[in-house]
Structure formats: structure tokens, C-alpha cells
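**Q** When you get a sec, could you give me coordinates for this:
(2 chains)
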Amino acid sequence: MTRAASDPGHRSGGGSLAGEGVDAVVRVRDVWMTFAGKSRGSDVHVLEGVHADVRAGEFVCIVGPSGCGKSTLLNIVAGFIPPTSGEVMVEGKRVNRPDARRIFVFQENGVFPWLTVTQNVGFGLQRREPAERQRIVQHYIDMVGLTGFERAFPRELSGGMRQRVEIARALASQPSIIYMDEPFGALDYLTRLKMRADLIRIWQEEKKTILFVTHDIEEAVQLADRVLVMTRRPATIKEEVRVDLPRPRDIDSPDYLRVRDRIFDAMGIDRTTGRSGDGASLDEKSVVPGL
Amino acid sequence: MSGSTRRASLRTQRRLERYALPVLVGVLFLCMWDALVRISGSDLFPKPIEVARGIGELIEKGLLHKYIVASLFRVTWGFTLAMAVGIPLGLFMGWFRWAFHALNPVIQVLRPISPIAWIPVAILWFGVSDAAPIFLIFLASVFPIAVSAAAAVANIQPVYVRAARNFELSRFDLFRRVIVPATLPQIITGLRIALGIAWLVVVAAEMIAVSSGLGFLIIDARNAGKRYDLVVAGMVMIGLIGLGLDLLVRRMERMDVVRWGYHNQ
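**A** Coordinates of the predicted model:
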């Protein structure tokens, strides 16, 4: 399973990318996904033989070009859509539906607009004693920095604050794993930087497993223990890049830049033009002709 | 001009636009009405002052109060029944695609039939009683309510349902904690439209099927001595109460649990 052990930071190839094997909490095994098209032959092949493992407490980012199917993969792992073939095992059980022990943070913000911040954060805690619920809710509202906004409605908050509410809601139900689908994608640059720093702090405090999808390579390198790089559609995980940099990460340090550039290379993207070259796109089968 | 005086004058201008302008146009409208009646020399069509006197007369005789209550009573019943049937029906159709395909054609055929066309049927079934106009109001408002509730379910942001599924809500809780609040803003908009229609219909129904209410007042005032001052007085009251009903529903739109639904529109 663990070939290229001599170079743990840079394993490549579309085969097995088992983390450390046995203690993986998320195991993705040979997942294929095809969406039926309108007519015969127009089926869209999104995922092709994806393997991945995530260990307990790990922060793993999945990066890939826009529309490559990384969100689809996360939705399969979370149990929102069944794969065409292959299987996902989470904490030893095969996934076939969403589970309240694993909470998804949505790209388009899934905070309920008809509930206040407090009510949103407590959404998954209905069965708890009111006093205990209140204590947990307040704890996580404080943790994400929304103290003082308990009674506000989402429409009264900025985009970044709404995303904080959703993160607090996820944490409050005390899941073992949090799935995040480009949660900061709609935020401005400075807010994004702040959110990343806060997310790392929270992750270090809470010791949750986080599987985080992003198209932003910088974001992946700032956040992750390990970055899984996906190819274009039909996508597979082509490369795994371990990020052994101390946190908080200095985004100007040579080590940081080296890791970042390695991911750019893995995705086959020219850093100066943003164009994808041919050399690294061995797995691309659906490249638009003429590009 | 300094910034603060400019702001102040802007505020004054807004206030003038908001309050003084409509009053001015209203007064102008009454003056034109008065002038036109005088020029035409009509002795049947009333001047505004005669309408005001007519309203006074109706109040004195206790008729205005009685007729308004009668009309509102019918609207309340018909509309409540329409809500009780239309909202669940619409939610049901919006949630289950098969229910939509099964029921929508029938609704779409019944919907364009004017409630007025149902008056003979209503009299046949319910006779000359309160039940006839209540039935007509029900018919007039149940379809817009059901259609808007169905559309509201279809328009729920999928992310809310997915989040609810993630928290493993039971079917009942999903309905109570997500579907209902998520559809409420659009349902209220549907209620507003339906209430407007219900108010139009009650007047028409009362002209034929019963002997009380604002619609009856109008037809009765004409038939019993061509009292056009009372006819127009009845019309004015219908307009004012219709406005009041609309404002009432608009107040619902400002509740905290639904305000988000109108925020982005």
C-alpha cells in the first residue's frame, strides 16, 4: 500500500494513497461517479477510481481545477450522493446516508435565515437539556468570535460571520469529522485569511478531523497536513503532498513556497500564466480541443 | 452648503415626497371629481361631499357597521377555509412530485374560471345564505394559496434540506423546523394576493346571493331609489377596507422569521 516510502512528501500516481492504512477514519475505495446525461452517450464521467484515506485528527485538503469533481467527491464521502461504484467507509462503517456525527459546511452557506445565531448554532442539539444546550451553544459562539451577536439574524451579518455561524453549528453538535466544501470561497481576501487562521486555531483546540475542499492552492497549503491533488475530469487523486510546515505558517517562507509550487506542478499549472501545460496532464482525457 | 444641512434638506425632501405628495394628489383628485360632476350637470352621480354625507347617514342608521361586519365575516370564513385546505395541499404538491403531476392539471383548469361564474352553482348548492359567498371566497382564494405554497416548496434552497438531512431530522421535524419556515415568506405573499381576490369576490357575491354586506349595499342603494351617493359611499368603504386588509398582511411580511425571504428580492 505504501510505496515510495523513501519520499513520503511526494507520492504520485493514481493508485492507492493510503494515509497510514489501519487507523484511517475515512477510506475511499475505488470510487467512480458518472452522472447520466440527457441522451445516451452524453453521460458525464466525473470521478474515476478515486482512492483516499484520512486519519483521525488530520486536516486534509482536496484541491483541483474548477469543476473537476472535488465537491462531488466530498458529497459522496458525506453520504449525500451515492457513488456509481466503489465504496466509502467512515469510522468502520459503509456510508450510505448523511450522519449527524459528521457535519458538512456548505459552500453556499447553509445557515437557516429564519433562526438567530443562537438558534442556528443549537440546531443539532434539540435533544439536550436546555441549560446544557445553552452552555454548549455559547461556548462555540465564543470560539468562533461571534460573542455579542447571539440574537442577530443571518441577514444582519456579513458573509464571513455567517460562515462562522455555520462552523459553530457544525462544532456544537460535536461531530468527529467536519467536511468543508469551499467554505471561504465567497469571501473577500482579507476575511479569508482571517477565517483560515481562526479555523486552524479551532482545529487545534477541538482536534477534529477535517476534510476540506478548495480550488485555492494557497489556502490548501496554509491549512492542511496533507493535500490531495485532483486532476481534471474525469478526476482521480493524482498526487498527495504532505505539508510538514509549522503553524502558523509563514506564507513567504521558502519552504512554504516550495510546497505550493509542487502543487502547482502536480496540477500542471504554469505559475506565471495560470495555463495548464501538457507535461503534467497525463490523466486529462477530456481536455477541450484547441487549448 | 455643508454636509449636514444638505442631509437635512434631503430628509425634508423625502418626507415631503412621502407624505405631502400623496395628500396633494388626493385633494386634487377630489377637486377634479367635484368639478367634473358640476360641469356635467348630472343630478344622479354624487359630488364628494354628498358621498361623505352618505357615509355619515349609513353610520347613523347603523348600516355601515353591520354591512362591514357581514362582509368581513364571510371573507374571514372563506379565507380561513382556503388557508386550511390550500396551504397543506400546496406543500404536499410541492414536496411530492407525483402529487404535483396528479393535481396540477385539475387546479390549472379550475383556476382561470372566475368565481363569479360559480355564483349560479353556489346558489344551487347553498341557497341564499352565508354559505354561498363563503364558498365563492374559498374557491377564489384556495388556488392562488395552493399554487404559491407549491412553488414555495419547489424554491427552497436545497442547502437547507441538505443541512437538515445532515442533522438527521425526522420527517416531522424536517417539515416543522425547515420546510415550513423556509416556505413561509412565499406563502405569505400568496396569502396577500389571495386576500385581495377574496375581497373582490365577496362584493360580487353579495350583489347576488345574499341581502347584507357592502356588495348588497351597493346594489340595494341603486335599486331602492337610485341613491348613487350611497353606491359610491359603499365603493369608498370597499376600497378603504381592502387597503386595510393588505396592510395587515404586509405587517406579517415584516416579522423576523420571514423578513429574510423578502430581503434579496
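**Q** could you pull out the helices for chain B?
**A** Along chain B, the stretches classed as helices by DSSP state H are B:3-15, B:21-40, B:48-61, B:63-95, B:97-110, B:119-126, B:131-154, B:158-166, B:171-174, B:180-208, B:214-223, B:228-253, B:256-263.
**Q** can you list these in a markdown table and add mean pLDDT and mean neighbour count?
**A** C-beta: built from backbone N, CA, C; applies to glycine. Supplementary listing: the helices of chain B in a markdown table, determined by pLDDT from 0 to 100; neighbours: other CB atoms under 10 Å in any protein chain shown:
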| stretch | mean pLDDT | mean neighbour count |
| --- | --- | --- |
| helix B:3-15 | 81 | 10 |
| helix B:21-40 | 94 | 11 |
| helix B:48-61 | 94 | 15 |
| helix B:63-95 | 96 | 20 |
| helix B:97-110 | 95 | 12 |
| helix B:119-126 | 92 | 15 |
| helix B:131-154 | 95 | 24 |
| helix B:158-166 | 95 | 20 |
| helix B:171-174 | 93 | 12 |
| helix B:180-208 | 94 | 22 |
| helix B:214-223 | 93 | 21 |
| helix B:228-253 | 94 | 17 |
| helix B:256-263 | 85 | 17 |
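**Q** Ok, which of those helices comes nearest A:Arg262?
**A** Between A:Arg262 and those, the shortest gap by CB to CB is with helix B:158-166, which sits at 34.0 Å.
**Q** can you list contacts of the closest one?
**A** A:78, A:80, A:97-100, A:102-104, A:106, A:108-110, A:112, A:123, B:173-174, B:177-179, B:182 (CB atoms under 8 Å, 6 or more residues apart in numbering or on different chains).
**Q** Sort out for me which of those residues are in strands.
**A** In this view, the contacts of helix B:158-166 that belong to strands under DSSP state E are A:102-104.
**Q** if we look at chain B, which of those are close to it?
**A** Contacts with chain B within these, counted by CB under 8 Å from any CB of the partner chain: A:102-104.
**Q** What does the pLDDT read for the most centrally placed residue in chain A?
**A** With distances taken as CA atoms, centre = their mean, the residue of chain A nearest its centroid is A:Phe212 (1.4 Å). At A:Phe212, the pLDDT value in this model is 96.
**Q** And the contacts of stretch A:150-169?
**A** Among residues not part of stretch A:150-169, those counted as contacts by CB under 8 Å, 6+ apart are A:103, A:105-106, A:109-118, A:120-121, A:123-124, A:138, A:140-141, A:143-146, A:149, A:178, A:183-184, A:186-187, A:191, A:194-195, A:198-199, A:202, B:256, B:259-260, B:263.
**Q** Please name the residues that touch A:Ala78.
**A** Contacts here follow CB under 8 Å, 6+ apart; on that basis A:Ala78 touches A:95, A:98, A:102, A:104, A:179, B:166.
**Q** Might one say that the residue nearest to the centre of chain A is in contact with A:Val63?
**A** No: taking CB atoms under 8 Å as the definition, A:Phe212 is not a contact partner of A:Val63, at 9.4 Å.
**Q** Now the common contact residues for the two.
**A** Contact criterion CB under 8 Å, 6+ apart; residues bridging A:Phe212 and A:Val63 by contacting each: A:Ala220.
**Q** Point out the residues in the stretch 101-250 of chain A that sit beside chain B.
**A** Proximity of the stretch 101-250 of chain A to chain B, by CB under 8 Å from any CB, involves residues A:102-104, A:106, A:108-110, A:112-115, A:123-124, A:126, A:153-155, A:173.
**Q** rerun that using 10 Å as the cut-off
**A** The interface of the stretch 101-250 of chain A toward chain B, taken as CB under 10 Å from any CB of the partner chain, is made up of A:101-116, A:119-120, A:123-126, A:151, A:153-156, A:166, A:169-170, A:173, A:175, A:179.
**Q** And the residues you listed, which of them are buried?
**A** A:102-107, A:109-116, A:119-120, A:123-125, A:153-154, A:166, A:169-170, A:173, A:175, A:179 (16 or more other CB atoms under 10 Å in any protein chain shown).
**Q** Can you lay out the ones next to chain B among the ones in strands among the contacts of helix B:158-166 as a markdown table showing pLDDT and distance to B:Ala35?
**A** Putting those into a markdown table (pLDDT from 0 to 100; distance: CB to CB, whole Å) gives the following:
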| residue | pLDDT | distance to B:Ala35 |
| --- | --- | --- |
| A:Arg102 | 96 | 75 |
| A:Ile103 | 96 | 71 |
| A:Phe104 | 96 | 69 |
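**Q** Among these, pick out the one closest to B:Pro144, please.
**A** When those are compared for distance to B:Pro144 (CB to CB), A:Phe104 wins out at 36.5 Å.
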